[in-house]
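here's a sequence, model it:
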Amino acid sequence: MGFDDMELAEYSEPPLSTIAVDKLAIGTEAAVLALRCMRNEQPLPSGTCVLPVRLIERSSTQRRETAHHPAQILRQALNSAQS
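Next comes the predicted model:
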C-alpha cells in the first residue's frame with residue numbers, strides 16, 4: 001500500500017494500491033493559513049486540517065480467489081502427490 005500515488009506504484013509487481021492526495025488543495029490550504037497568520041487575522045491553528053483523499057485500488061490489495069492463494073496451491077499439490 002502506498003501513499004501519494006507515486007507513478008512507480010503503478011508499475012511495481014504487483015501494482016501497489018495507493019492513497020491519492022490533492023497536492024494543490026494541500027498547498028492552497030497551507031498558504032491560506034500562513035497568510036492569515038502573517039496578517040494577524042488568526043493564530044496558527046494547532047488542530048488538524050482534514051482534506052479529501054482517494055483510494056486507488058490496484059492488484060496489491062485486490063481480493064484473490066482462494067484457489068490461487070499460494071497456501072491453497074501448495075495444499076492441492078501435496079494432496080495430489082499423496083494420492
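
what about stretch 17-28, start to end distance?
Stretch 17-28 has its terminal residues 26 Å apart, counting by Cα to Cα, to the nearest Å.

that stretch - what's its average pLDDT?
For stretch 17-28, mean pLDDT rounds to 91.

tell me the gap between it and the middle of its chain.
Remark: stretch 17-28 is offset 11 Å from the chain centroid, using Cα atoms, centre = their mean, to the nearest Å.

residues making contact with that stretch?
1-6, 9, 51-62 (Cβ atoms under 8 Å, 6 or more residues apart in numbering). All C-beta spots, glycine's among them, are computed from the backbone N, C-alpha and C.

now the residues you listed: which count as buried?
2, 5, 9, 56, 58 (16 or more other Cβ atoms under 10 Å).

tell me how many other residues surround residue 46.
5 (other Cβ atoms under 10 Å).
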